[in-house]
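Student: next come a sequence and a model predicted from it.
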Amino acid sequence: MTTSQEENFMRKISAEEKIEPKDWMPDAYRKNLIRQISQHAHSEVIGMQPEGNWLTRAPSLRRKAILLSKIQDEAGHGLYLYSACETLGISRSEMIEQLQSGAAKYSSIFNYPTLTWADVGAIGWLVDGAAIVNQVSLQRTSYGPYSRGMIRICKEESFHQRQGYEAMLALAKGSEGQKAMAQDALDRFYWPALMMFGPHDSESAHSQKSMEWKIKRETNDDLRQKFVDQTVKQIEVLGLEHPDKNITWNDERGHYDSSDLNWDEFWSVINGNGHCNRQRIEHHLAAHEEGEWVRDAITAYNEKKRAKKAQHAA
Amino acid sequence: MTTITEKLELFEVFVRSKRGLDHKHVGSLHAEDHEQALEYARDCYTRRSEGVSIWVVKSSDICASQEDDADCFYDPSDDKPYRHATYYVLPDPVNNM
């Protein structure tokens, strides 16, 4: 590494220029990006599991088709992100290996179980809603392939949140039992959704460097506040009770004040003790192993085709 | 008589106009090899600083879908309007999500 390379890199960053795969970049920038993008990709992929749990029990064919489409999108988003991450010089199989060994993390929201159909609505509305707040901000990230992936994902993601809210609305305006189910899902998913933004800025290990390098453009707490603010009205329109009894408008700040989160729970789930941590990885492993024959068949077919071509050429 | 262009290969040219944007197809040209194609592309397509990065790809290496078959190629998404955000009608006060 020479000073001029580093200076040139920092000049691009401060001029709001994107860093592209073939540019020189500090090792720590590359490492930081690989950690964040692969974690993001793993979240898309693992996130299919809690929703997949309700696919065969969706209340109507319409809801089933919508849910299937959403889950399909998540697989696609995982693919965009894995590809963006591969431009940094890590292979797909290395990333999968890191996910399965626990070396790489995914968003801890997906370690919560989906107990009722209303959870599917709550996930689309709150979990995808929180993800959108984060991803809109990441469209301006300094790494070109990540930024372009985020732009594409954000375009597709809006339907995810709207279908979730629509499903919640149907329940909230339904029978007493349905309304109670919606309230229960809101109560359970509201807090973990807020935790998706990560620890307080003061506790966040990677935040400062990530902000300097413009990998992240807004801090965890600022993004969380945005989500808190936008969700108040949405809960009101559903006619449900806000899970946070301390939610109050603060005229001076121009934001809602809210309760602090249960950070013990946050760290406990991150460290592997959530309801579904083990199940999620076991399922991923099983699906990966059961898919072995498909990968083998693809390789065998390709070899057969190559051999045929060679024979024709001879 | 074989013309010079028949002896040369056809290359497709993609130009990134600004860092952070996708490379966009701008046209094609004939060249002896990749290096030459890059130089020609620079002279031909970026005479007024239209780009910060150029890709050249042999046209024969591009596998394209057939537009004549577009109807049946894409029809699996025709009956899935629910993939669009506008499909969902929400109350006005929350319709900006």
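Tutor: Great, that's in hand. Numbering: from 1, shown residues only, chains lettered A, B, ... in the order given.
Student: who does the host helix or strand of residue A:100 touch, helix- and strand-wise?
Tutor: Using DSSP states H and E, residue A:100 sits within helix A:92-101. Helices and strands touching helix A:92-101, by 3 or more Cβ pairs under 8 Å, 6 or more residues apart in numbering or on different chains; DSSP states H and E, are helix A:27-46, helix A:61-86, helix A:277-290. (Glycine included, C-beta is placed from N, CA and C.)
Student: nearest to chain B, out of these?
Tutor: helix A:61-86 (4.8 Å; Cβ to the nearest Cβ).
Student: the helices in chain B, which residues?
Tutor: Using DSSP state H, the helices of chain B run over B:4-7, B:34-45, B:70-74.
Student: most tightly packed of those helices?
Tutor: Among the helices of chain B, helix B:34-45 has the highest mean neighbour count (mean count of other Cβ atoms under 10 Å in any protein chain shown), at a mean of 16.
Student: the residue of chain A found nearest chain B: what's it in contact with?
Tutor: Nearest residue of chain A to chain B: residue A:18, at 3.3 Å (Cβ to the nearest Cβ). The neighbours of residue A:18, taking Cβ atoms under 8 Å, 6 or more residues apart in numbering or on different chains as the test, are A:12, A:142, A:143, A:144, A:147, B:19, B:20.
Student: what's the burial count for the first one?
Tutor: When counting by other Cβ atoms under 10 Å in any protein chain shown, one arrives at 19 neighbours for residue A:12.
Student: on that earlier part again, tell me the most buried of the helices and strands packed on helix A:92-101?
Tutor: It is helix A:27-46: most buried of the helices and strands packed on helix A:92-101 by mean count of other Cβ under 10 Å, with a mean of 20.
Student: residues contacting the residue of chain B found nearest chain A?
Tutor: Chain A sits closest to residue B:20 of chain B, with a gap of 3.3 Å, by Cβ to the nearest Cβ. Shown in contact with residue B:20 (Cβ under 8 Å, 6+ apart): A:17, A:18, A:144, A:147, A:148.
Student: go again using 7 Å as the cut-off
Tutor: Residue B:20 makes contacts with A:18, A:144, A:147, as judged by Cβ atoms under 7 Å, 6 or more residues apart in numbering or on different chains.
Student: circling back: just give the nearest non-adjacent residue to the residue of chain A closest to chain B, would you?
Tutor: residue B:20 (3.3 Å; Cβ to Cβ, 6 or more residues apart in numbering or on different chains).
Student: do you know how far the one you found is from residue A:16?
Tutor: 9 Å (Cβ to Cβ, to the nearest Å).
Student: tell me the pLDDT of residue A:155.
Tutor: Predicted confidence (pLDDT) for residue A:155: 89.
Student: let me know the helix or strand that it is in.
Tutor: Here residue A:155 is assigned to helix A:144-172, by DSSP H and E.
Student: now do residue A:41 against residue A:134, distance only.
Tutor: Going from residue A:41 to residue A:134 by Cβ to Cβ gives 14 Å.
Student: wait, residue A:168 sits on residue A:182?
Tutor: Yes. Applying Cβ atoms under 7 Å as the test, residue A:168 and residue A:182 come out as touching, 5.5 Å apart.
Student: that older thread, tell me how far the residue of chain B closest to chain A lies from residue A:149.
Tutor: 12 Å.
Student: go on, residue A:238?
Tutor: 32 Å.
Student: what does residue B:82 give?
Tutor: Distance from residue B:82 to residue A:149, by Cβ to Cβ: 24 Å.
Student: between the two, who's got more neighbours?
Tutor: When residue B:82 and residue A:149 are compared for neighbours, residue A:149 comes out ahead with 26 against 20, by other Cβ under 10 Å.
Student: could the contacts of residue A:18 go into CSV alongside distance to residue A:34?
Tutor: Putting those into CSV (distance: Cβ to Cβ, whole Å) gives the following:
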residue, distance to residue A:34
A:12, 19
A:142, 14
A:143, 10
A:144, 15
A:147, 16
B:19, 21
B:20, 20
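Student: so which of those comes closest to residue A:77?
Tutor: When the contacts of residue A:18 are ranked by distance to residue A:77 (Cβ to Cβ), residue A:147 comes first, at 14.6 Å.
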